[in-house]
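Trainee: Would you be able to build a 3D model of this:
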Amino acid sequence: MSSEAHRTWFPTLRETVAHVLEMSIPDNRVEALSKLVDFIQMKMEANQSVRLNFICTHNSRRSQLAQVWAHVAAAYYGLEVQCASGGTETTAFYPAAIASLERAGCAIRKDSEVNPNVWVDLRRTLDRSMRTLRPMTSLIHRVKPTRPS
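Mentor: Here you go, the predicted model:
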């Protein structure tokens, strides 16, 4: 059962999620994902925090996309889940991965063009002090690497 939170998402993101929900998942993926579902369900039934950390080699595409889509799914179903991503090597968020999130309907904010911190917004809300629409942010936060001295 979905929550009502997705009704405030950007329209293209709502359409993307609706399309994904119509897709079938191959049996081998259902089997692999059932372990994740069981873990989340066990944590929730025990009233424990659910924290998911997606790891890949570079933390430039796969892990960050997994982080975003896990957050989207959790928000859609009204689940309290904290999502993060990491890599075994420090690299920048791959521009094509950022572009794919934009095409899917997420709003992207970056603080620079060279290995930026990146925020992904699913929806906009009214900021009463500014009387303007302000984004809900920090789904992904890409920390700039430190250079060895």
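
Trainee: Please make it C-alpha for all contacts and neighbour counts, starting now.
Mentor: Fine.

Trainee: State the phi and psi torsions of Arg14.
Mentor: phi -60, psi -40 (degrees, to the nearest 10).

Trainee: That one contacts Val20, doesn't it?
Mentor: No - if you go by CA atoms under 8 Å, Arg14 and Val20 don't touch, sitting 10.0 Å apart.

Trainee: higher neighbour count, these two?
Mentor: Arg14 (19 against 11; other CA atoms under 10 Å).

Trainee: Tell me how far that one lies from Leu36.
Mentor: 24 Å (CA to CA, to the nearest Å).

Trainee: Count the residues that sit near Gly78.
Mentor: 15.

Trainee: again, but for Val37
Mentor: 11.

Trainee: repeat for Ala70
Mentor: 19.

Trainee: How about the one 10 residues further on?
Mentor: By the criterion of other CA under 10 Å, Glu80 has 14 neighbours.

Trainee: Let me see the confidence value for it.
Mentor: Note for Glu80: predicted pLDDT of 88.

Trainee: from what I can see it touches Ala74, true?
Mentor: Yes - counting by CA under 8 Å, Glu80 does reach Ala74; the two are 6.8 Å apart.

Trainee: Secondary structure element for the residue positioned nearest the centre of the chain, which one?
Mentor: The centroid of the chain falls nearest to Val68 when counting by CA atoms, centre = their mean (1.4 Å). Take DSSP states H and E as the rule and Val68 turns out to sit in helix 62-76.
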